[in-house]
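> Got a predicted structure here, sequence first:
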Amino acid sequence: MTKPECSKQEASNTKSKAEKDSQISTPETAKALFADFVPEESDSEEENEKQDDKKDENLEPASKKSRDSNSKKYIPKYKKEWENKPELKAWLSESIHGNTYFYCKFCKKDYRCGISDIHKHMSSKKHALKAAMPAFKAQKFKFRGLLCPVFTPFTNLKRVTPDVNLKAIPKYANFLKACNIKGILINDITGEGMSLTIHERIDLADAWADACEKTNQFLMAQIGGAPLKDVIEMAKHAAKRDIGAVVILPDLYNKPKNHLDLIKYIKLISEFTKNVPILYHHNPKFTQVEIDITSFLLDITGEVDSFVGVIYSTNDIQQSTAAMAVNREKFTVFMGTDEAILGAAASGFTCIMGTSLNFLPKLVESICVAVREGEIKSAQTSQNLLNRTIDVIAKQGDYIAASKAATDIITSTCGTTTREPLQTLWEGTTKKLQCKLRELGVM
């Protein structure tokens, strides 16, 4: 072979080898593609934490993928009796992710299960540090009675977004106090909370907190139905103002697919509410979120220490009663439907919420008192009158706008103005409603 031919052959071999090496080093997966860009953990603190948590190396967080389903390795399952062991009782709980995980109340995480894994986690430095922190003391939810979801007063200026009228709140609070209403719920569906800015909702919370301090009424603030960042800000504010309780609606755009998704959402928010009790408002007609409340209450047990109950705004007495029976000591269930007040009182509900408490609070109270005293016929008469009034109001247009108009007609407390997209009741319709209410004898 001549010298030029040898050079040509060597070049060809070199090229062939380069192509082969290139093929071998080409990443086959996205993970391999970015392998070279993974930062090294050079920070000493991170390295120390990594070494310290070596005892947790077999305790995979619940968010990670499970082992190969084809693996024949035995996977231990959670046993409820483990919670009775003295060394585990304070922090161990079952997980929402299934019986192959356990939940640590101190670390606020789910781990793979097994009694040996539990003891390994307990002996880790991370767990010890969490255990040494001041213990969370959940405030026991003591409120019992009638809860009024108040309207938001607006100025009467004819504009698309009228301003919130904070000056009307003291009079509003005094009227409800005079009618024996012990609890106030602000920024909920009735209060057009989702049409308010975060600053307006916080200003309302401050104004109502000042008013309720003078009237000695229990204040609850609905903080959901908004972007998560805003929800967290309102949660922090509620904790700072020491508001009696917060109520959460689900995210109205990224709706939870099931009750476990909802628990994760509430659990996230609870990190910012501190010791403020949390309730969930179950109103599927408004939120389009259908979940089994009984399963929800069973699975949230041990996951969120500050969670104390549910406002149940449906007509299903059977399901709401079943939810009330889950854990009477830990969870409070409100009946939140006006038409079901008699049934709720007769079924043993001690907490009732209804929009009608804004305009006919004494009538609602008379239903509860009559049931308590065994005067069922009197209770039925009052409930029938309430239902007829609600029916008349509902026929005038949007129920919230019409109820707000009825409240102002009867009590002169909140004005008739609503904020778009709700339509304020037309003046002629308001006069017609006034005549109908007079005919019913409720004013």
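Alright, I've got the coordinates.

> C-alpha from now on. contacts and neighbour counts both.
Fine.

> what helices or strands is the strand or helix carrying residue 389 leaning on?
Per DSSP states H and E, residue 389 falls inside helix 376-394. Other elements packing on helix 376-394 under the criterion 3 or more CA pairs under 8 Å, 6 or more residues apart in numbering; DSSP states H and E are helix 341-346, helix 361-372, helix 399-411, helix 427-440.

> contacting residues around stretch 323-340?
Stretch 323-340 has contacts (CA atoms under 8 Å, 6 or more residues apart in numbering) with 141, 293-294, 297-298, 307-315, 317, 320, 341, 344, 349-356, 383, 386-387.

> Which of those are buried, as a ChimeraX select command?
Command for ChimeraX that selects the buried part of these, burial taken from 16 or more other CA atoms under 10 Å:
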select :141,293,294,297,307,308,309,310,311,312,313,314,315,317,320,341,344,349,350,351,352,353,354,355,356,383,386,387
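
> In strands, which of the contacts of stretch 323-340 fall?
Those of the contacts of stretch 323-340 mapping onto strands are 307-312, 351-353, per DSSP state E.

> Just put those residues in a markdown table and tack on pLDDT.
Below are the ones in strands among the contacts of stretch 323-340 laid out as a markdown table (pLDDT from 0 to 100):
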| residue | pLDDT |
| --- | --- |
| 307 | 96 |
| 308 | 96 |
| 309 | 95 |
| 310 | 97 |
| 311 | 97 |
| 312 | 95 |
| 351 | 96 |
| 352 | 96 |
| 353 | 97 |
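
> Closest one of those to residue 109?
Nearest to residue 109 out of the ones in strands among the contacts of stretch 323-340 is residue 307 (CA to CA; 17.0 Å).

> Not counting its neighbours along the chain, what's nearest that closest one?
Nearest residue to residue 307, sequence neighbours excluded (CA to CA, 6 or more residues apart in numbering): residue 278, at 4.6 Å.

> where does this structure have low pLDDT?
Scanning the chain for pLDDT under 70 picks out the ranges 1-73, 130, 132-139, 158.

> Quick one: the strands in it, in order.
With strands called from DSSP E, the chain shows them at 92-94, 101-104, 109-112, 145-149, 183-186, 218-222, 245-248, 278-282, 307-312, 332-335, 351-353.

> Show me what the helix holding residue 389 is in contact with.
The contact list for helix 376-394 (CA under 8 Å, 6+ apart) reads 338-339, 341-342, 356, 363-364, 366-368, 370-371, 399, 402-403, 406, 433, 436-437, 440.

> tell me which residues in it are buried?
376, 379-380, 382-383, 385-387, 389-390, 392-393.

> If the residue sitting nearest the centre point of the chain is in a bridge, with which residues?
Centroid check for the chain by CA atoms, centre = their mean gives residue 248 as the closest residue, at 3.2 Å. The partner list for residue 248 in beta bridges (DSSP bridges) reads residue 280.

> heads up, I number from 37, so please use that
In the new numbering, first residue 37, that becomes residue 284.

> check contacts around it.
Listed by CA under 8 Å, 6+ apart, the contact set of residue 284 reads 258-261, 302, 314-317.

> Let me know the closest of the ones in strands among the contacts of stretch 359-376 to residue 128.
Nearest to residue 128 out of those is residue 343 (CA to CA; 17.3 Å).

> wait, isn't residue 296 in contact with residue 132?
Yes. Using CA atoms under 8 Å, residue 296 makes contact with residue 132 at a distance of 6.9 Å.

> quick one: which of these two has more around it?
The neighbour comparison of residue 296 against residue 132 (other CA atoms under 10 Å) goes to residue 132, with 23 against 17.

> Who are the contact partners of the more buried one?
Applying CA under 8 Å, 6+ apart, we find residue 132 in contact with 296, 335-336, 339.

> Could you identify the most distant pair in the residues you listed?
Greatest spatial distance among those (CA to CA): 296 and 339, at 10.8 Å.

> related to what we said a few turns ago, adding distance to residue 323, write the contacts of residue 132 out as JSON lines.
JSON lines is the format used below for these (distance: CA to CA, whole Å):
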{"residue": "296", "distance to residue 323": "17"}
{"residue": "335", "distance to residue 323": "21"}
{"residue": "336", "distance to residue 323": "20"}
{"residue": "339", "distance to residue 323": "23"}
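
> Restricted to helices, list the residues you listed.
In helices, judged by DSSP state H, the following of those are found: 296, 335-336.

> out of the strands of the chain, deepest packed?
strand 368-371 (a mean of 27; mean count of other CA atoms under 10 Å).

> Just the C-alphas of stretch 255-264, formatted as CSV.
Provided in CSV are the C-alpha atoms of stretch 255-264 (Å, rounded to 0.1, in the frame of the first residue of the first chain):
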residue,chain,number,x,y,z
LEU,A,255,-65.4,36.5,63.2
MET,A,256,-64.6,34.0,60.4
ALA,A,257,-62.9,35.1,57.1
GLN,A,258,-63.2,33.2,53.8
ILE,A,259,-59.7,33.3,52.1
GLY,A,260,-60.1,31.0,49.2
GLY,A,261,-61.3,31.3,45.6
ALA,A,262,-58.3,33.3,44.6
PRO,A,263,-54.7,32.8,43.2
LEU,A,264,-52.7,30.8,45.7
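
> Other residues contacting it?
The contact list for stretch 255-264 (CA under 8 Å, 6+ apart) reads 219-224, 229-230, 241, 244-245, 248, 267, 270-271, 274, 279-288.

> Just give me how far it sits from the chain centre.
How far stretch 255-264 lies from its chain's middle: 8 Å, per CA atoms, centre = their mean, to the nearest Å.

> Show me how the chain divides into domains.
The record's domain split for the chain, according to automatic domain parsing, is 89-168, 181-476.

> Most tightly packed of those?
Across these, averaging neighbours per residue (mean count of other CA under 10 Å) puts domain 181-476 on top, at a mean of 19.

> Kindly check the end-to-end length of that one for me.
27 Å (CA to CA, to the nearest Å).

> With stretch 139-147 instead?
For stretch 139-147, the first-to-last residue distance is 6 Å (CA to CA).

> what's the spacing between that stretch and its chain's center?
On CA atoms, centre = their mean, the centre of stretch 139-147 falls 20 Å from the chain's centre.

> go on, stretch 218-234?
Here the centre of stretch 218-234 is set off from its chain's centre by 14 Å, with CA atoms, centre = their mean.

> hmm, who's touching that stretch?
Outside stretch 218-234, the residues that touch it by CA under 8 Å, 6+ apart are 179, 181-188, 237, 240-241, 252-259, 261-262, 266, 270, 391, 436, 455-456.
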